[in-house]
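Chemist: Sequence and predicted structure are below.
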Amino acid sequence: MNIILFGPPGAGKGTQAAAICQRASVPHVATGDIFRRNLREGTPLGQLARGYMDRGELVPDSVVCDLVTDRLGQPDAQGGVLLDGFPRTVVQAALLSKWLDENGRKIDVVVNLRVPDDVLVKRLSGRRTCLACGATYHVDYNPPSTPGVCDVCGKADVVQRDDDREETVLARLSTYHRDTAAVLPWLQERVGVVDVDATRSIDDVGAAVLAALA
Ligand code: AP5
Ligand code: MG
């Protein structure tokens, strides 16, 4: 099953991903996580992505699409994937759709997490992320059991993401409205989109997302 988990920055895509992947038995393919891993490892891809991420802009379509299609071709992705943070432009959506078509596959479900901007700003500015494993927390809504220590991997690496500073958060939201929101009607027309009110509690949103998959 190929699932697209869509939504603006801070909507809760990363938070909901593990439960969806477990339910659908598919790997989690999050383009932002891939860029951050490359950044930590100092690879050329990480160097290239850094400037765009720091400014809250999108990495060029050609770079992202090569990365994703390469990932989709790997053995563990043959039964499907959960795409988180991709596609983010109509060009990316069209290239994904073409690649899947050429490979006898398709997008099965699109789930859109809906959250208004004022809530997104609160979520992103309070978010803390584990640098070691990528797990996400929130200082008020979902803190780790021990401050600064990750509940998932146990490392003391839970910090604020560079792009969660206020000015970058606002730039990311404006990039979303300018470039990414247009992907929704494109997907709606071709695949259909299940809308989920993601302003509710993490557990309630999780239940609604799993219901959408069933
Ligand atoms: P990426 O890493 O994809 O960031 P994003 O889309 O901006 O999304 P986030 O990870 O910020 O939000 P999320 O929806 O995962 O929210 P989360 O679950 O953490 O991309 C980063 C950058 O990489 C981009 O800016 C771009 O430069 C580049 N990039 C990536 N993909 C690209 C692409 N396809 N094309 C071009 N460039 C690309 O939750 C947020 C917070 O809210 C957390 O603190 C969480 O605990 C809390 N929370 C979650 N759910 C709830 C709830 N229901 N109630 C209360 N709090 C909640
Ligand atoms: Mg995320």
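Modeler: Perfect, thanks for sending it. Ligands and ions are numbered 1, 2, ... in the order given.

Chemist: Tell me the secondary structure at the residue of the chain found nearest ligand 1.
Modeler: In the chain, the residue that lies nearest ligand 1 is G32 (1.9 Å; Cβ to the nearest ligand atom). (C-beta placed from N, C-alpha, C; glycine too.) Three-state call for G32 (DSSP: H, G, I helix; E, B strand; the rest coil): helix.

Chemist: Give me the helices and strands touching the helix or strand hosting D203, please.
Modeler: Per DSSP states H and E: D203 is located in helix 202-213. Contacts defined by 3 or more Cβ pairs under 8 Å, 6 or more residues apart in numbering; DSSP states H and E place helix 202-213 against helix 13-24, strand 109-114, strand 194-197.

Chemist: near ligand 2, which residues of the chain?
Modeler: Residues of the chain lying close to ligand 2 (Cβ under 5 Å from the ion) are K13, G14.

Chemist: and the helices and strands packed on helix 202-213 as TSV, adding mean pLDDT?
Modeler: Output for these, formatted as TSV (pLDDT from 0 to 100):
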stretch	mean pLDDT
helix 13-24	95
strand 109-114	98
strand 194-197	98
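
Chemist: right, so of those, which gets closest to A214?
Modeler: With Cβ to Cβ, the closest approach to A214 among those belongs to helix 13-24: 8.6 Å.

Chemist: And for the closest one, what's in contact with it?
Modeler: Contacts with helix 13-24, where a contact means Cβ atoms under 8 Å, 6 or more residues apart in numbering, come from 1, 3, 5-7, 27-28, 30, 33, 80, 82, 84-85, 113, 134, 136, 142, 202, 205-206, 209-210, 213.

Chemist: Mean neighbour count added to the helices and strands packed on helix 202-213, as a markdown table?
Modeler: Output for these, formatted as a markdown table (neighbours: other Cβ atoms under 10 Å):
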| stretch | mean neighbour count |
| --- | --- |
| helix 13-24 | 19 |
| strand 109-114 | 20 |
| strand 194-197 | 16 |
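
Chemist: And the pLDDT at G134?
Modeler: pLDDT, G134: 86.

Chemist: and if you look at E167?
Modeler: As predicted, E167 sits at a pLDDT of 89.

Chemist: Tell me how far it lies from S125.
Modeler: Separation of E167 from S125 (Cβ to Cβ, to the nearest Å) stands at 11 Å.

Chemist: Pick out whichever of the two has more residues nearby.
Modeler: A count of neighbours by other Cβ atoms under 10 Å puts S125 above the other of E167 and S125, at 15 against 10.

Chemist: list the contacts for that one?
Modeler: Going by Cβ under 8 Å, 6+ apart, S125 touches D164, E166, V169.

Chemist: Need those residues in TSV (columns: secondary structure and neighbour count).
Modeler: Formatted as TSV, the contacts of S125 follow (DSSP: H, G, I helix; E, B strand; the rest coil; neighbours: other Cβ atoms under 10 Å):
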residue	secondary structure	neighbour count
D164	helix	19
E166	helix	10
V169	helix	23
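
Chemist: Out of those, which comes closest to ligand 2?
Modeler: Closest to ligand 2 out of those is D164 (10.7 Å), distances taken as Cβ to the ion.
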